[in-house]
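*Asks:* any chance you can model this:
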Amino acid sequence: MGQLQKVPLIQCNYVKPSANEIMSFVNVIKDLSLKQIINKCISNQNKWGKMVIDFLEEKVKSAGECFCKSVTLCSLLRTLGYSEKVCFVIIACHNNENFGNATHATLLLKENEEWYIIDTTKDSIDEAMQKIPSLLYFTKHNRVICLFNETHGFIAEGDGIISNIPIL
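*Replies:* Numbering: from 1, shown residues only. Below you'll find the model as predicted:
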């Protein structure tokens, strides 16, 4: 069974909770619930997309829409007070897909003892915010490549199955 190894990932530098663009947006959403925040991000993709573009450095933008939106959402949620122990960008692919061509970035979040995979590239809140029974359940269907925020970076070894993340 594969393990998760803590490593210094360059991607950790992309999550910036104190960036000006993040702080401005946080003032608009600070009193909203998690579901309302996600809905606000996906309900106006043009405005959300512009905020993502304004926030991220040029070199990061080539990583793709899912990566850019996940990094931005992670920065927002970290600014709102979600712990570095429960809020991560996660890069994975389905177990039956080609590893090199099918990677996808989303947000992994644990709130009130419930796990969520959040994908703001989706069109509706029901698609964007998926509750999962556990991280182990998620890894049975997906190969995790890495997960990170501005504080922690982990990369999966072997088959990408995570049995225990030491910080959660």
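*Asks:* in the protein, which spans are strands?
*Replies:* 4-6, 87-94, 104-111, 114-118, 129-132, 142-148, 153-156 (DSSP state E).
*Asks:* quick check: mean pLDDT of the third one?
*Replies:* When you say that, I think you mean strand 104-111. The average pLDDT for strand 104-111 rounds to 93.
*Asks:* packing partners for it?
*Replies:* Where contact means 3 or more Cβ pairs under 8 Å, 6 or more residues apart in numbering; DSSP states H and E, strand 104-111 is packed against helix 65-79, strand 87-94, strand 114-118. For glycine as for every other residue, the C-beta is placed from the backbone atoms N, C-alpha and C.
*Asks:* buried ones in it?
*Replies:* His104, Ala105, Thr106, Leu107, Leu108, Leu109, Lys110 (16 or more other Cβ atoms under 10 Å).
*Asks:* can you check the second one too?
*Replies:* Judged by neighbour count using 16+ other Cβ under 10 Å, the buried positions of strand 87-94 are Cys87, Phe88, Val89, Ile90, Ile91, Ala92, Cys93.
*Asks:* still on that earlier bit, least reliable of the strands of the chain going by mean pLDDT?
*Replies:* Of all these, the minimum mean pLDDT falls on strand 4-6 (a mean of 62).
*Asks:* which secondary element of the chain has the worst mean pLDDT?
*Replies:* strand 4-6 (a mean of 62; mean pLDDT, DSSP states H and E).
*Asks:* which residues touch the residue lying closest to Ile118 once chain neighbours are set aside?
*Replies:* Once flanking residues are discounted, Ile118 sits nearest to Leu107: 4.2 Å by Cβ to Cβ, 6 or more residues apart in numbering. By Cβ atoms under 8 Å, 6 or more residues apart in numbering, the contact list for Leu107 reads 70, 73-74, 77, 87-90, 116-120.
*Asks:* across the sheet, point out what pairs with Leu107.
*Replies:* Val89, Ile118 (DSSP bridges).
*Asks:* quick one: it and Glu58, what's the gap?
*Replies:* Distance of Leu107 to Glu58, computed by Cβ to Cβ, to the nearest Å: 22 Å.
*Asks:* do you know how far Lys140 is from Lys110?
*Replies:* 18 Å.
*Asks:* then Ile117?
*Replies:* Taking Cβ to Cβ, one finds Ile117 at 11 Å from Lys110.
*Asks:* for stretch 132-150, measure first residue to last.
*Replies:* Start to finish, the residues bounding stretch 132-150 are 24 Å apart (Cα to Cα, to the nearest Å).
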